[in-house]
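Novice: Here's my sequence, what's the structure:
(one chain, ligands or ions: 1)
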Amino acid sequence: MQNTDFSQTYLMAPDLPSAITTEDLQVFYGNNHAMHDATLQFPENRITALIGASGSGKSTFLRSLNRMNDDVATVTGKIMYHDTDINAKNVNVYAVRRHIGMVFQRPNPFAKSIRDNITFALKAYGIRNQAELDERIETSLKEAALWDEVKDTLDRSALSLSGGQAQRLCLARSLAVQPDVLLLDEPASALDPISTAKIEATLIKLAEHYTIIIVTHNMQQASRISQYTAFFHLGHVLEFDTTSNLFQTPQLPITRDYVTGHFG
Ligand SMILES: Nc1ncnc2c1ncn2[C@@H]1O[C@H](COP(=O)(O)OP(=O)(O)OP(=O)(O)O)[C@@H](O)[C@H]1O
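Specialist: Model prediction:
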């Protein structure tokens with residue numbers, strides 16, 4: 001791998017409204033400066049992939065976008081969700097996470113029924129009306145492409161689902177609170193190819209109504225599902241472009257080396 005001049009970046013600004021914008025985002029874990037100067041725009045109703053080698057800062061960046069790093073890291077710079085600075089003093093962190101949902105690498109359903117996995121957060125937000133709860137259960141499970149498989153067994157334990165089903169339940173759980181941005185940290189990396197294909201098809205459909213930001217190590221997956229891609233390297237975002245440009249005509253040699261599998 002060649003030396004990298006971190007002053008050489010190519011960060012394209014999409015000509016579309018942004019759901020999330022970061023300005024000079026920096027993240028420190030104690031003395032470890034894990035994320036430097038990230039200035040990016042995430043277009044509404046598009047899928048943006050975050051790619052880069054292990055330890056390049058993708059999860060650190062992603063977790064900052066809905067304040068999951070609040071207790072573990074120092075975050076500076078600005079993160080705008082539409083017109084709201086999500087780190088402003090008057091902003092409630094739970095409200096941020098209601099608008100900006102997250103699905104993790106390993107499916108992590110609660111040890112509760114499928115139904116209760118969906119309604120847990122809704123009840124916490126004060127929704128008690130049974131008809132509304134039932135409607136949210138059905139809609140979110142349909143959006144996550146799980147409804148047909150579980151509609152007759154909603155009271156069964158979520159822990160009895162397969163890995164792929166459990167991950168789609170976690171997706172449904174995030175969708176039930178009606179966010180408009182979804183952050184996904186390698187959501188298919190623990191899944192078999194069929195479950196991965198189902199998740200990818202679901203995400204492509206969801207992007208009609210949601211803004212999706214997904215960390216992936218799978219270059220084919222990034223090409224298949226995303227319209228924009230950001231390349232991370234050693235805590236820097238070095239290149240951001242349309243996925244087709246970034247994969248086919250990258251501006252920086254190091255991006256080309258990464259997407260062609262020369263390191264990482
Ligand atoms: N909770 C934490 N506490 C301390 N350091 C952390 C923490 N999380 C990540 N780091 C450090 O921040 C840097 C970036 O890690 P991060 O997990 O964001 O990279 P990544 O690109 O998502 O990696 P991977 O692809 O392996 O998940 C690494 O040096 C890592 O050790």
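Novice: Let me see the ranges of the strands in the stretch 101-250 of the chain.
Specialist: 181-185, 211-215, 228-233, 236-242 (DSSP state E, counting those that start in this stretch).
Novice: Pull the distance from the second one to the chain's centre.
Specialist: Okay, so that is strand 211-215. 4 Å (C-alpha atoms, centre = their mean, to the nearest Å).
Novice: That one - what's its average pLDDT?
Specialist: For strand 211-215, the mean per-residue pLDDT is 98.
Novice: mind listing the helices for the chain?
Specialist: Ranges of helices in the chain, per DSSP state H, are 58-64, 93-99, 114-124, 130-143, 147-150, 163-176, 193-206, 219-225, 243-248, 253-259.
Novice: before we move on, the earlier item: mind giving me a markdown table with the strands of the stretch 101-250 of the chain and columns for mean neighbour count and distance to residue 254?
Specialist: Any C-beta I mention is one placed from the backbone N, CA and C, and that applies to glycine too. Formatted as a markdown table, those follow (neighbours: other C-beta atoms under 10 Å; distance: least, C-beta to C-beta, whole Å):
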| stretch | mean neighbour count | distance to residue 254 |
| --- | --- | --- |
| strand 181-185 | 24 | 23 |
| strand 211-215 | 25 | 19 |
| strand 228-233 | 26 | 6 |
| strand 236-242 | 23 | 6 |
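Novice: For these, give me a markdown table that also has distance to residue 7.
Specialist: As requested, those are exported to a markdown table (distance: least, C-beta to C-beta, whole Å):
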| stretch | distance to residue 7 |
| --- | --- |
| strand 181-185 | 29 |
| strand 211-215 | 25 |
| strand 228-233 | 13 |
| strand 236-242 | 10 |
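Novice: So which residues on the stretch 151-264 of the chain come close to the ligand?
Specialist: Residues of the stretch 151-264 of the chain lying near the ligand by C-beta under 6 Å from any ligand atom: residue 232.
Novice: Now for residue 50, how many residues are close by?
Specialist: 28 (other C-beta atoms under 10 Å).
Novice: what's the closest non-adjacent residue to residue 19?
Specialist: Using C-beta to C-beta, 6 or more residues apart in numbering and skipping the chain neighbours, the partner closest in space to residue 19 is residue 211 (3.8 Å).
Novice: Surely the one you found touches residue 179?
Specialist: No: Residue 211 is beyond contact range of residue 179, at 9.2 Å (criterion: C-beta atoms under 8 Å).
Novice: Looking at the helices of the chain, which is nearest to residue 12?
Specialist: helix 243-248 (7.8 Å; C-beta to C-beta).
Novice: got the contact list for stretch 96-107?
Specialist: 20, 62-63, 65-68, 81, 86, 125, 163, 166-167, 169-171, 174-175, 177-187, 189-190 (C-beta atoms under 8 Å, 6 or more residues apart in numbering).
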